[in-house]
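A.B. asks: I'd like to go over a predicted model; first the sequence, then the structure.
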Amino acid sequence: MKRRNITNIALTAAMVTGILTSASVAMAKTSMTTLTLYTDGDVNVQALWEQDLVPVYEKTHPNIKINVVFDAHGTDSGVIQDKIVAAEKAHKNSGYDILDSGIVPTLATANMLQKLNKREIPNISRISPALLKQTQYEGLPYRGSSVVLAYNSADVKNPPKTLNALLTWIKANPGKFTYNTPSSGGSGGNFVMAVVNSKVPKRDQAELVTSSSKALEKTWTTGLNLLKSLGPDIYRKGFYPNGNTGTLNLLANGSIWVAPVWSDMALSALQDKQLPSSIKLLQLTPPFAGGPADMGVVKNSPNKKAADAFLNWLLTPQAQTIVIDKMNGYPGIEWKYVPKSVREKYASIAKSYATGWSSFYGADLNQAWQNTVA
C-alpha cells in the first residue's frame, strides 16, 4: 500500500510540474492496461476499430491502450480459435482479451468465453435478450444487419409491405423480381428461408431456429413448391444471379425493380452512388432474418474488468451512432436507445429482424432449393 501511495504522489508531482523523469515515465507505464482485440472481416471493419472507435475510447480513457490485431477475411481465424481453446484447457493466457469475429459463436458453444451480465456490463440491458441467448450470454452483439426489400421508387409507387403482398406483386409484375441463389449469398438465402418458413406449421417454426432435426426438413415441401411456382415470373423466366452483389447490379441497371438485399450493402451502395437514389429500402412485416456481429471476452483474459468496461462503452449511444454511420449497419442495442436523429435517418428499416434458422439446416436448404427450384 505504501509503495502505491508513493507512486501516485510521484505521478501527481510530475503531472503538476509538467516534467516527467525517467522514473515517473516508468511508473506511468505500469498504470496502463493494454487490451488486445482480435478482429476479422474486411477493411471497413479494420477502419471502424483503428480509425473510429479505438481513438475515441482511448482519448477518454488515457489509462487504456487497445491493440487491434486485424485478420483480413478471417484467414487465420481457425488458428486463433485453436490457440484460445488450447490456452483455456491449459489454464494459460492466450494473448487475446476481446474478439470481434465469426469464431465467437463457436467458442461460446464450447463455453470458452466469459459469461456477460448486467453487473459488469450495465448497458447489456439495452440488447434484445433473444440475441444474447443465441450465444448463451457469451457473445455481445455490437452491430448487425438484415435482409430488407429494395425497390425502385421510380417504377414501384406502392411497394409490398408483407411477404404475402410481395409474392402477389411478383406474379403481377413478371420479370421484375429476382434473388440470388441461396448458396451464393444471404440475401437470396434469407428470402428462400422466409418463403419456406411461411408454409411450415407454427409449432415447428421455433424448432427450426434452435434444433438440429432432419425430420423437420419434411415441412419444407410446400414452401419449396411455392418458390418453384414463381419461376416463370422471375427475371428472364428464372434467372437467379450469383451472389448478393449480382442482385444489386440488376437493381442498379434497371433490369429488375424489386429484390431482397442486405441492409448494409445496399446502404453503402446508395452512399457511394452505385445504386440510383430512386432505390428505396423497407423491412417487411414480418421481417426478413438478420444477424448480429458478436463480440466476446476470452475467459482466461487477465484484463476482464477493463474488457467489460470497453464493451459497456460500445453499447452507449455515442459508440453505437459511430457504428451505424461508419458501417451502414444496425445497432447492437435496440433502436429505441439510439438517438432520435439516427432513428429518423433509417426509419424505413429501423425495426427488429427475424431470427434465422439454426445453421444446421443451411446446406440442406440450399440443396433442397437446387433440387426443387433451380
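C.D. replies: Nice, thanks for sending it over. Residues are numbered from 1 along each chain as shown.

A.B. asks: residues near Thr168, how many?
C.D. replies: 12 (other Cβ atoms under 10 Å). The way it works is simple: take the backbone N, C-alpha and C, and place the C-beta from them, glycine included.

A.B. asks: let me redo that: His61
C.D. replies: The local packing of His61 (other Cβ under 10 Å) involves 15 other residues.

A.B. asks: also Ala347?
C.D. replies: When neighbours are counted by other Cβ under 10 Å, Ala347 registers 11.

A.B. asks: so it, which of the three states?
C.D. replies: Following DSSP: H, G, I helix; E, B strand; the rest coil, Ala347 is assigned to coil.

A.B. asks: partner strands of the longest strand seen in the chain, parallel or antiparallel?
C.D. replies: In the chain, with assignment by DSSP state E, the single longest strand is strand 140-152. Strand pairing for strand 140-152, using DSSP bridges, gives strand 258-262 (antiparallel), strand 279-282 (antiparallel), strand 289-297 (antiparallel), strand 330-331 (antiparallel).

A.B. asks: among these, which is nearest Thr222?
C.D. replies: Closest to Thr222 of these is strand 289-297 (Cβ to Cβ; 19.1 Å).

A.B. asks: okay, the helix or strand that comes right after the closest one in CSV with CA atoms only?
C.D. replies: Going down the chain from strand 289-297, the next helix or strand is helix 304-314, by DSSP states H and E. C-alpha atoms of helix 304-314 as CSV (Å, rounded to 0.1, in the frame of the first residue of the first chain):
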residue,chain,number,x,y,z
LYS,A,304,-11.6,-8.9,-17.8
LYS,A,305,-12.6,-5.7,-15.9
ALA,A,306,-11.1,-3.4,-18.5
ALA,A,307,-12.6,-5.5,-21.3
ASP,A,308,-16.1,-5.4,-19.7
ALA,A,309,-15.8,-1.6,-19.3
PHE,A,310,-14.9,-1.3,-23.0
LEU,A,311,-17.9,-3.5,-24.1
ASN,A,312,-20.2,-1.4,-21.9
TRP,A,313,-19.0,1.8,-23.7
LEU,A,314,-19.6,0.1,-27.1
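
A.B. asks: quick one: contacts of helix 304-314?
C.D. replies: The contact list for helix 304-314 (Cβ atoms under 8 Å, 6 or more residues apart in numbering) reads 33, 35, 53, 57, 61, 64, 66, 97-98, 114, 116, 120-124, 140, 142, 295, 297, 301, 319-320, 323, 332.
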